[in-house]
Structures are given as structure tokens and as C-alpha cells.
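> Okay, sequence plus prediction incoming.
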Amino acid sequence: MSQEVNLHEHAGAMTTHEVHHDEHHGHHHKETFITKYVFSQDHKMIAKQFLITGIVWAIIGGLFSVLFRLQLGFPNETFPWLENILGKWAAGGKIHPEFYYALTTMHGTVLVFFVLTAGLSGTFSNFLIPLQVGARDMASPFMNMLSYWFFFVASIVMISSLFVQTGPASGGWTVYPPLSALGDASEGSKIGMDLWLIAMALFVVNSLLGSLNYISTILNMRTKGMSMTRMPLTIWALFFTAVLGVLSFPVLLSGFILLLFDRHAGTSFYLSDIFLASTQKALPNEGGSAILYQHLFWFLGHPEVYIIILPTMGLVSDVMSANARKPIFGYMAMVGSMFAIAVLAFLVWAHHMFVTGLNPFLGAFFVLLTLLIAVPSAIKVFNWITTLWRGNLRFTPGMLFSIGFVSLFISGGLTGIFLGNSTLDIHLHDTYFVIAHFHIVMGVSAFFGMFAGLYHWFPKMYGRYMNNTMAYIHFWITLVGAYLIFWPMHYQGLAGVPRRYLDFSGWTSFNQFDGLNRFISIVTMMVFAVQLLFVFNFFYSIFKGRKVRTQNPWGATTLEWTTPINPGHGNWEGEIPEVHRWAYDYGKDGRDFIPQTEPISASESPESKH
Amino acid sequence: MSTLLIIAILLLGFIVVFQIAKASEYVSVLKGEKKTFEQNNRINGFLLLAFMILGLIGVYWCNELFKGKILGEAASDHGEKIDTMLYITIAITGVVFVITQILLFWFSFKYQYKEGRKAFYYPHNNKLELIWTVIPAIALTVLVGFGLFYWFKITGDAPKEANIVEITGKQFGWIYRYPGKDKVFGKKYYQKIDEGKLNQLGLIWEDKATHDDIVTNEAMYLVVGKPVKLVINSRDVVHDVGLAHFRMKMDAVPGTPTTMWFTPKYTTAQMKEKTGNPEFEYEISCDQMCGKGHYSMKGIVKVVEQAEYLLWLAKQKPNYVMSHPEMEKIPATPAAAKADSTVTAAAATPVSNSN
């Protein structure tokens, strides 16, 4: 491990008595602005790059939703300023249907992949894995750097698709062919779709480079004494997430490549029996199956939702335990249930396809396996609740977001039991019920988990605290707002209101919710404004936040809090500390907490066997 | 102007919040961190409890508010099964929802930080964990059991006497085809589609069975109380036949025909009365993203009495006749007279392209 030795030397030269310590080791190991902030190989800096890129994406993706909620809430009004920013796509101050669909498509793509996958896993895997397992950096810092830059280039390509003349992809974030395969079927399926596919291919590369690194770091670079069962749950969660990503993203890529062939090479993987009204021509393609794409897509698409939610489950477990001053309840059950979720994630994809003409007998197995996921999920929820029981809870912003996460996860998880049941899915499929379900269970909850993690580890990232008052305002308005936005959508779904409709005025079955739609849109805007408050708090606090003055401000047990307040590249100044116990000795033997680095003493009660 | 105003108000709001936030940070330094922490903790603990209580009241209120706007009575026999399943699921998940949310927020409130309170070191308890593995497993077994029972009923084979109607999605509308008096759908091939010659499904005229096929874009006519099997096709991209009132839904996939069947329970006229809405129609909504006109891809289902159905059918001209105006003079099929047999026998005939 030459690299470790190298880092070791360099780490030894660091001093950290000041917040801006950069200049101190500059003379020892040449670090320029470029190597430190741009092409950095320090996992902490890469984490921050992922985080800040993710924040930029989140603002863009969130803004898209505000724009299309404007149309949904106020279908009869015009907003001339829209034309100023969107040009021909909003001529006359009204968003055109084609662009409405582009907005929803990009909102989904951006938030699912660029924010909640790269922004979330990229940030916390990079930041926490080496710090919590006791490693100086990732297994391959160079690959890690490449991972970020692939993400960056993917981002640029995706952004550029917003500016092409025919507009960005607009077939929904799932981009089902034939719609996405045929430029003549939709403007968004022209060059915008190619850029979308290229961006996603680059994104898959980013994900694989990152995930392989996370897996090898966790398996090979744990410090002395850090057995797998002593790892914090965050690390377990990030580990399962990375495994899911490695196994499922390539399948998505293969689906995309076939789609590219169908688009440009005249193949018929997904195309058959197509006559386009726009050109009045029948296509020559025969024998393909549009459903094949859906299988390939959902084989990633379903694990993807666990790629999003698992990391936050880990973060929440650790933040909750630290702030309840109590061990996480049922550590092994938590690991086991995450493992079960990870395995089941691969066996349920067709529950997105109950009404595609899937063989009903086959569908039955997917019902069974899907509802099976509720068992490990229930275990986790009960374990979190028991973790709170008889604790001594500190409502830090991180803790509040963790509690909010559990509440949302319960609400969204239970509606999954509706949708996973094929009988109910016949009625609820592709209605607002689905929107409500997945936004609560993986959109908003994942954001809550991410916020919990950000507020909790911000002091470690930047050596400063975020402002508490703004954080509390952020939490309460977001929690209340999230429920106000998505709870009523269940009722719309029960009424059968289809998703991806931008105007209900032509319908007698779905036009009874005008007032509700307006209400939801207004709340959406308010919640979005509060997210901007968070963004402001985040950037302001990086530079002007209250300084962290103690090494372990939360009184946490895990290794990252044994590093200097502003750790340099290499994380620990001297030797990497040795680990003697699990990460959850809070409140043991009357002691507030016992760090993982403290050897087990003879007088200690034998409760923890880890 | 109003936009500028809104932006100005927002900015002002931001500045105010920021100033308060900043000030409270200074105050906390003055008051001492511990005191501020305890105060914040009490406030947030209280808010968590208040959120739970108000939230549960809100859920109840929401149910009352939307009661009349959702569901309504299912208009098909399958719809009834789906509604029953829905109520079973709502009952079970509702209980879990209320219990877990109450526990979550109540514990949060009750065990908030208190000076001198010692957290209880409680790393695991196998018995408890076993309980909450087994109970959800049992509840889910019940749900899976009911679910699959209904699922197989709904997706099972259509009864022999069912009428068969073919429905084809296109950007952005629906085409309905009836087999005509020979009760057989004639062959079709998408390369033969020629809208100019009014052959929008690509019927192959060489196949005599197509000659009496009725093709219409107007509406899908169904007979009340009589099972109907839909053979679903798409002409271009993936669409979905969504029938919210019947609680039915099935994708229309180009190249891969799909089917579903159900029995309408009420005529359109009866539904107008039941809902008190003279404008009521059974609507077919496209439920799969299909392009820029997706939101407007509407079809109409007219559920009528048998007699009215026969009358309607009698008035329809076969597609063959419409696309061959020169043939009009040749003695046309006396559709009206034979219509009866068309309806009663309908099913049974194998549909060449159904799966």
C-alpha cells in the first residue's frame, strides 16, 4: 500500500489548530488550487464536489417542479414572465404541453439520478466511508476523482439538452420506447433524447467507478479492530447501496444502448407494428418488444429506489442513535433487514408492470416478493421507534430530520402495500396515488435523511456549524409542507386522476380537484422557497458559520470525530486509531458515550458483544 | 409588476429570517449554550407532539373533505372486488399508520432531553424483534392472499358469452372495432394503414372477414350487465386504456396485443342519475405517457341497454363500405336485420391477434 504510506507522511506534516489550515501543509506537499479544489483526490473534497453539484441540481430540479405546478395549479392563467425565461416554450405566458412534459421528465431524471443518487451517495459514501472505517482515503483516489468528473460531464451534457432547439427529453423519466425511440412521435425524442442517453451513460460510468471504490474500501481498508459487525450502520447502508448500483446500473446501460441502436441503427429491439400519424408512414420495424425495455429499465429502476433510500436509512440510524444517547436498537436486525431489502430489490421489478399485459401468474410472484419487502421495512421502523424509547433526546436539526424521515417512511411505505398488490395496482397504476407514494417514500424521505446527514456532519465537513434557527424553520416548514403537498394526492389517485396530465378541463371524471391543485401548487412554492433558505444557510455557514471548537461536538462514538476539527488529506495526523468496540455504546454503564477507540475495560458490563 | 413584488417580498422575508437567525445565535452565546439548547429542545419537543395531533386531525378532516370526490361506486363487477380489496388494505394499513405515528411522536415528546435523565442502554431484544417480524408477516400474508384471490378472478379468462371489442390507441385518440355480423375480426397489417382511404387500422380487404368489421372513433358501446372483453392494441407508442369508473386499466403496446374483461353494471344514463351529474360520461383516459397530447387523449364509453346497443350497431356502416364508396351501390349488407346475431354470439371466435 504505497499510497497509504505516502498519505501517511503527508498527513504527519499537517497542523490543524486553525480553521483555514490549508496553507500549513502547502509547503510540504505541493497543492495548488487546481489539485486541491478542482482535480482533488481527497475523498472529503470529492464528497463536497458531489454535494455542491447535487445542490445545484436540486435547485434546478426543484425549480422545474415549481414551473409545472404553476401550470397544474393555474391552468387558466398566463404568466408573461415565463416567456421571458423560457422563450418559445412558454409563448404567450403559458407553458406548452411539449415543454410541460420536458419539465416533468427532467424533474424526475435530475432528482432521481443527479441529486438522490450522485448527490446523496456521492456525498456521504465519499465523505463517511474512509472517515468511519478508519482509512486515509478511498481504495483508489484517482478513480474516485474520475467518478466525480464523469458525473460533472454527465451534468454538462444533461444541462446542454435543455438548450437544443427541439427541447430536452420529454417522454417521462422512464423514457419508454417507442415514444423515446422515434423523433417523429415527439419533439423531445429528437436530439434532446440522444443527449439524455449520453448523459445517462456517463452517469452510469460515474456510478460504477464510485461504487467499486466504495465496496473495495469497505472490504479492504478498515482499520485494525473494525470488523464488519463493528461498522456503523451508515457504512453498511452505503455498502449495500454500492453493491446494488454495481449490479443494476449495467443493465440500465444495456437497455439504453439497445435504445440508441433502435434510434440510429435501424434495429428493432423495441419497435414493432408502428404507424406514425405525424408522417403518415408505417415504419419497417417488426418483431421488437416495447416491454423488453421496461424489463431492462426496471431491473435498475427498482433497485434504484433502494439506492436512494438505503443510504438515508444508514444516516438516520446513526444520527438518531447519537442524539437519543442510546444504542440503535437491534443492530444485527438493522443490518439483516438492509441485506434483505438489497436482495429483494432485484426480485420485484415487474411490479411496475402489472398492467403491461404481463402474465398474471408471473405477476403473482412479484406481488408476493414485493409485499415481502414490507417485513424488513417494518423491522427497521419498529427498531427506530424503539431507539427513541427511553432515550434522552436532543432535538438537533439532524435529529428532527431523522424523526421526520421515519414518519414519512411509514406514510410512504404503507401506500407501497397498496401499489405492490396487483389487484389494487390495476386501479391505482399511473395515477396521482403513485406520485404521492414515491414522492413521500423515496423523494421527501430521502431528502429528509440527506438533510439529517448534512446538518449532522456539516461541522465535520467545514469545521463550522450551520445556523440552528434557519435549520428549525427549514425543518418545520418542509415537514408540514411535504405532507400538505403529497397527502391529498392520494385522494386524487383514488379518484383515478392520471399522472402526467397538464390540464383536466377536458375531462368530467378528473376535474373536481381544481381548488386542491391550486393549494398544492402554492404550498410547493413555499416549500421551495424554504429550500433556498437552506441553501443560503449552507453556503453562508461554510464561510461565516459559528466555528467548531471541540473535536467531538455531538459526543458521538464513531471514528470521524477522532480526527482533527479540520482534517487534512489523510484524515488522522498520526496513526489511524484502532477500534475496540461497536459504534453504539451510548449510555452504557452510566457513561454518556464510549468512543469506538476505547478498549473494553474489565469492569464493563458485557452487554455489547461486538 | 406583481412578479417583481413577489420577488421583493421573498427577498425581504429572507433578510428578516436571516437577521432573526443571526440574532438568535448571538443571544444563545449570551444566554449560554446549554440554556438555549434546553429551550430549543422544549419548543421542538412540543412542536413534534402538536404536529402529530394536528396531523391526525388533518388526516381525518381530509377524509371528510374528499369523501364525495373519490371513488364513487364501482361501475363494474371487477371494480367491486378492487374496492373491497382497497377497504381491507386501508383498514390494515390505517391501524398501523396511526399506531406507529403516535408511538414515534409520543416517544419523541416524552423522552426529550431532561437534565439528569439517563438513557436506557437497550441494544436489542430478540423476542421483541421476533414479534415485529412475525406480525407484519402475518398481516401481509392476509393481504397477499386476498390480493391474489381477486387478481386471478379479474385477470382470468373472459366468460364465453362475452362481447369482444377491439380498442386501438394512437397519438392522440382511440379507434374501436367491432367484428360485425360474422363475429370474426378480419385480418389486419399495420403496413396497410392508409388514413386517406379511411383504413386507419390497416384492415386487409382480401380477407373477407374484414368486410363487415365496424370501425369507429366516436365511442365504445357496451351492453350493461354483459361481460365484455377488450382486445387492446396500439398503432404507434405505448398507451393505456384507463377506465377509472370500472377500476380497470391495461396498457396498449404496439406489436403486442393485450386483453382485459369486465362487466359494466350501470348504463351511462343510470350513472348520470346516480352521480347527479347530467354531463357524466364514462371516460377512457390514456394512462401511459404517450407524447404532447397525452393529457387530452380521451375516449368515451357508452354503456347502454341491449336494445339500444342493437339499434346503434345497426346504424353503423362497415369500414369496408366506407373506404370503398364505389361499392355502395352493390346491395349493402342488411345490417339492421341481422344485428341481433352479431351481438348474442359475439365471443367464442378466436381473435387472431389476442394473447
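Structure received.

> and stretch A:521-532, is it in reach of chain B?
Yes: for a cut-off given as Cβ under 8 Å from any Cβ of the partner chain, stretch A:521-532 has contacts with chain B, namely A:529, A:532. The C-beta positions use only the backbone N, C-alpha and C, and glycine is treated the same way.

> try stretch A:109-121
No: shown here: stretch A:109-121 not in contact with chain B (Cβ under 8 Å from any Cβ), separated by at least 13.4 Å.

> chain center to that stretch: distance?
Between the centre of stretch A:109-121 and the centre of its chain there are 5 Å (Cα atoms, centre = their mean, to the nearest Å).

> which residues are in contact with it?
A:50-51, A:53-55, A:57-58, A:60-62, A:64, A:151, A:154-155, A:158, A:169, A:173, A:196, A:200, A:203, A:206-207, A:210-211, A:214, A:238, A:241-242, A:245, A:304, A:307-308, A:311-312, A:442-443, A:446-447, A:450 (Cβ atoms under 8 Å, 6 or more residues apart in numbering or on different chains).

> Can you pull up the most central residue in the chain?
As the question left the chain open, I've gone with chain A. Per Cα atoms, centre = their mean, the C-alpha nearest to the average position across chain A is that of residue A:116, at 2.0 Å.

> think we crossed wires, I meant chain B
Computing the C-alpha centroid of chain B and ranking residues by Cα atoms, centre = their mean puts residue B:244 first, at 5.3 Å.

> Can you give me the neighbour number for residue B:16?
The burial metric for residue B:16, expressed as a neighbour count using other Cβ atoms under 10 Å in any protein chain shown, is 10.

> let me redo that: residue A:272
The tally of other residues near residue A:272 (other Cβ under 10 Å) stands at 19.

> My read is that it contacts residue B:238, right?
No: using Cβ atoms under 8 Å, residue A:272 is not in contact with residue B:238, being 11.7 Å away.

> what residues do the two have in common as contacts?
Residues touching both residue A:272 and residue B:238 by Cβ under 8 Å, 6+ apart: A:290, B:254.

> ok so, going back, for the residue nearest to the centre of chain A, grab phi and psi.
For residue A:116, the backbone dihedrals are phi -80, psi -10 (criterion: degrees, to the nearest 10).

> For residue B:220, give me phi and psi.
With angles defined as degrees, to the nearest 10, residue B:220 sits at phi -100, psi 120.

> what about it, how many neighbours?
Counted with other Cβ under 10 Å, the burial measure for residue B:220 works out to 24 neighbours.

> ok now do it, which residues does it touch?
B:165, B:167, B:174, B:176, B:284, B:299, B:300, B:301, B:302.

> Same question for residue B:72.
By Cβ under 8 Å, 6+ apart, the contact set of residue B:72 is B:245, B:274, B:275.

> what do you get if the cut-off is 7 Å, keeping everything else the same?
Shown in contact with residue B:72 (Cβ atoms under 7 Å, 6 or more residues apart in numbering or on different chains): residue B:275.

> quick revisit: show the pLDDT at the residue nearest to the centre of chain A.
Listed pLDDT for residue A:116 reads 96.

> cool, residue A:7 as well?
We note a pLDDT of 43 for residue A:7 in this prediction.

> nearest residue to the residue of the stretch 101-250 of chain B found nearest chain A other than its sequence neighbours?
Relative to chain A, the nearest point of the stretch 101-250 of chain B is residue B:244 (2.8 Å; Cβ to the nearest Cβ). Across the structure, with Cβ to Cβ, 6 or more residues apart in numbering or on different chains as the measure, the residue nearest residue B:244 apart from its sequence neighbours is residue A:496 (2.8 Å).

> Could you give the secondary structure assignment for that neighbour?
Secondary structure state of residue A:496, per DSSP: H, G, I helix; E, B strand; the rest coil, is coil.

> Tell me where the chain is predicted with low confidence.
By default, I'm working from chain A. Per-residue confidence for chain A (pLDDT under 70) gives these ranges: A:1-30, A:607-610.

> wrong one, I was asking about chain B
B:1, B:327-355.

> Before I go, just wanted to say thanks for your time.
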